[in-house]
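Student: make a model of this:
(one chain, ligands or ions: 1)
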Amino acid sequence: MSPGAFIAILRKYQEKPSAICSLGLAPSNHVGTGIRRFSQFWMKQLKMMNVYHFTKNWESYYMKTLIIYATTHGCTQSCAEKLKAQLAGEVDLVNLKGSGKIKVDDYDRVMVGGSIHAGKIQGRVSRFCTDNLASLLKKKTGLFLCCMEKGEKAQKQFEDAFPAELRRHASASGLFGGGFDFSRMNWIEKAIIKKVAHVTESVSNTDKEAIARFAREMA
Ligand SMILES: Cc1cc2nc3c(=O)[nH]c(=O)nc-3n(C[C@H](O)[C@H](O)[C@H](O)COP(=O)(O)O)c2cc1C
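Tutor: Now for the predicted structure:
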């Protein structure tokens, strides 16, 4: 049995110990709870034995992850998809536009991302962070941003985009670069980009290494 399949079964027991009974493997709920404690005990032992890298990966198999993002022309969505592909365990990818109410408390890890337009992140991302701040501060949290500025300017935009308390708490902070997709811009946006950035056709400057680093830091 693969480690992933084993962890999936353990996860089922943790959520619903009675599941073990429905599989016909044990006579009572107490056994399911016992197995849950047993798995937690062994994870601790492995950590103490310094098999840290292994247990870290094992724990991520076991985690439920939310990647929640806003995108205007699709760049942040594409980065979020690349990020999802590099994470172990169950990962829900949710676009804040039309997502309805999200239960942050259902997740072990939450990664929040958006993009910068005229110096600001999408209002949906700011509202999500403010409305769920207390829950996010209890989770393993990561914050990421797509934008075309680099270096200090990008860093400043990142700092303005997310609440200070959340930034301090975050296990990973990612600047994923950005792109201009002329096929998805309206004429005003095209005119602004031509005038301000002197760019006249679509370009992609996303940073694959930054996404991979972020995924590693969140493992
Ligand atoms: C109208 C417009 C304004 C933008 N303003 C900024 C900006 O102020 N700073 C910046 O770093 N990038 C800016 N960008 C670049 C975007 O952040 C970049 O295109 C990003 O990849 C967009 O991601 P999205 O497609 O997920 O919305 C702007 C892009 C557009 C189209």
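Student: and stretch 124-138, end to end?
Tutor: In stretch 124-138, first residue to last residue: 21 Å (C-alpha to C-alpha, to the nearest Å).
Student: next one: stretch 141-160
Tutor: Chord length of stretch 141-160, first to last residue, is 18 Å (C-alpha to C-alpha).
Student: for that stretch, buried residues please.
Tutor: Going by neighbour count (16 or more other C-beta atoms under 10 Å), the buried part of stretch 141-160 is 141, 142, 143, 144, 145, 146, 147, 148, 149, 154, 157, 158. For glycine as for every other residue, the C-beta is placed from the backbone atoms N, C-alpha and C.
Student: need these in a markdown table with pLDDT and distance to residue 37, can you?
Tutor: Below are the buried residues of stretch 141-160 laid out as a markdown table (pLDDT from 0 to 100; distance: C-beta to C-beta, whole Å):
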| residue | pLDDT | distance to residue 37 |
| --- | --- | --- |
| 141 | 98 | 27 |
| 142 | 98 | 29 |
| 143 | 98 | 34 |
| 144 | 98 | 36 |
| 145 | 98 | 40 |
| 146 | 98 | 43 |
| 147 | 98 | 46 |
| 148 | 98 | 50 |
| 149 | 97 | 50 |
| 154 | 98 | 46 |
| 157 | 98 | 46 |
| 158 | 98 | 41 |
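Student: quick one, domains of this structure?
Tutor: Here the domain parsing of the chain from automatic domain parsing is 3-60, 64-218.
Student: ranking these by burial, who's on top?
Tutor: Per residue and on average, the most neighbours among the domains of the chain fall to domain 64-218, with a mean of 17 (mean count of other C-beta atoms under 10 Å).
Student: no more questions from me, cheers.
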